[in-house]
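[1] build the 3D model from these lines:
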Amino acid sequence: MAAKAMKKSGAALEKLRADIKSGSPENVYIFYGEETYLRDRYLEELKALLVPEGFEEFNYHRLSGKGLTVQDLTEVVEAMPMMAQHTLTVVTDMDLFRLDEGQRGLLINLLGDFPEYGTLVFVYDVLPYKRDGKMKKLCAAIGDHAQEVEFCQQERDQLLRWMKRRFAAEGHDIDTATADHLLFTCGTLMTDLVPEIGKIAAYAKGERITVADINAVADPILDAQVFDMTNSITAGKYDDAARVLGDLLRMQTEPIVILAAVGKELRRLYTARMALDGGKDRLWLKQLWNMSSDYPAKLLMQAARKVDHEWCRTAVLRCQQLDRRMKSMSMADKQKEDELKLFLMELAGRR
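    Predicted coordinates:
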């Protein structure tokens, strides 16, 4: 299902690229998804294509969807362009499937008789976008008259090429292995990678970006921090693990969120130990966890060699027990933090 959704998302994005390249955009788009960097980039390209510089006040309309009526929206999109051939209207977070029946009817009419000179983009930024299949007429109207474009995380090969271009623009180069480390450390969202690439490029002294450059200035995502924490425990370095936990708590990360990430990492570590015991390689592990590269699988296999099957099994069970206790009992934050620290000590002691 995930592969099918990604294929559909990729086809919609290719259609959008073709629309812009040909200078013939659709009248109505729906932009959604977590990759806001790409979304904003294509919004800017639509604006550059449709709105002449200096005439934004008359031909470029930005509206908040909260409280917006379809009557007001219709008035804006039907306004004729001034000194231009097109208008562009961007509406942010208008929940189309929460409109009452009368408003939905007006929207269906607008979509079915949209002015040729207008382009309307519904952007979902804070609100999620999901069709309500019970509203069949509205779904049909969207299917017939609007182009839905989901901006999801890009695949590894696309990200590697993109990162190389961004570092090259800053006068640096990055090899594939180091780029994989950056993706592991900072995640795979372009939105989050842009500032990290800027910091790393500014810090790096040599032309070639190194792992040390990344570790020196990049802000790691929670999964990477938790990996460092569990990896320190498997290596017998409890003080290092406690330091990572302390950093997370000082950043006011919820203990239950930390525990959930620890639980996920321990399950991954358990499967890595099972792979070693069963004679499987890191490619099997990569496929099992749907990893974009074998870099995190390689790190997991290295960590799993430091512990045995029983340690992994017990760690996963104890984590599940602590999770149930935290969720079922009324605990103050300080008590939850203490429970986490004791759990790490227990893991280190069992090792």
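[2] hmm, who's touching the helix or strand containing residue 57?
    Taking DSSP states H and E as the criterion, residue 57 maps to helix 56-59. Helix 56-59 is contacted by residues 47, 50-52, 81-84, 86-88 when judged by Cβ atoms under 8 Å, 6 or more residues apart in numbering. C-beta: built from backbone N, CA, C; applies to glycine.
[3] for that helix, which positions count as buried?
    58-59 (16 or more other Cβ atoms under 10 Å).
[4] partner strands of the helix or strand following it, parallel or antiparallel?
    Downstream of helix 56-59, the first helix or strand assigned by DSSP H and E is strand 60-64. Strand 60-64 pairs in its sheet with strand 87-92 (parallel), by DSSP bridges.
[5] tell me which of the contacts of helix 56-59 fall in helices.
    47, 50 (DSSP state H).
[6] kindly reformat the contacts of helix 56-59 as a markdown table and extend each row with pLDDT and distance to residue 266.
    Shown next, in a markdown table, are those (pLDDT from 0 to 100; distance: Cβ to Cβ, whole Å):
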| residue | pLDDT | distance to residue 266 |
| --- | --- | --- |
| 47 | 97 | 47 |
| 50 | 96 | 51 |
| 51 | 95 | 52 |
| 52 | 92 | 57 |
| 81 | 95 | 59 |
| 82 | 92 | 62 |
| 83 | 88 | 63 |
| 84 | 89 | 58 |
| 86 | 96 | 55 |
| 87 | 97 | 54 |
| 88 | 98 | 49 |
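[7] please check the contacts of helix 56-59 and keep the buried ones.
    Taking 16+ other Cβ under 10 Å as the criterion, what is buried in the contacts of helix 56-59 is 47, 50-52, 81, 84, 86-88.
[8] may I see the buried residues of stretch 313-321?
    Residues of stretch 313-321 classed as buried: 315, 318-319 (neighbour count, 16+ other Cβ under 10 Å).
[9] against which helices or strands is the lengthiest helix in the chain packed?
    Counting residues, the longest helix found in the chain (DSSP H) is helix 255-277. Other helices and strands packing on helix 255-277, by 3 or more Cβ pairs under 8 Å, 6 or more residues apart in numbering; DSSP states H and E, are helix 222-234, helix 238-250, helix 282-288, helix 295-304, helix 309-328, helix 333-350.
[10] would CSV of these with mean pLDDT and distance to residue 141 be doable?
    Listed next are those as CSV, based on pLDDT from 0 to 100; distance: least, Cβ to Cβ, whole Å:
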stretch, mean pLDDT, distance to residue 141
helix 222-234, 95, 40
helix 238-250, 94, 47
helix 282-288, 94, 41
helix 295-304, 95, 43
helix 309-328, 95, 43
helix 333-350, 91, 48
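[11] averaged pLDDT, the longest helix of the chain. What do you get?
    Confidence for helix 255-277, expressed as mean pLDDT, is 97.
[12] cool, and stretch 188-200?
    The model assigns stretch 188-200 a mean pLDDT of 97.
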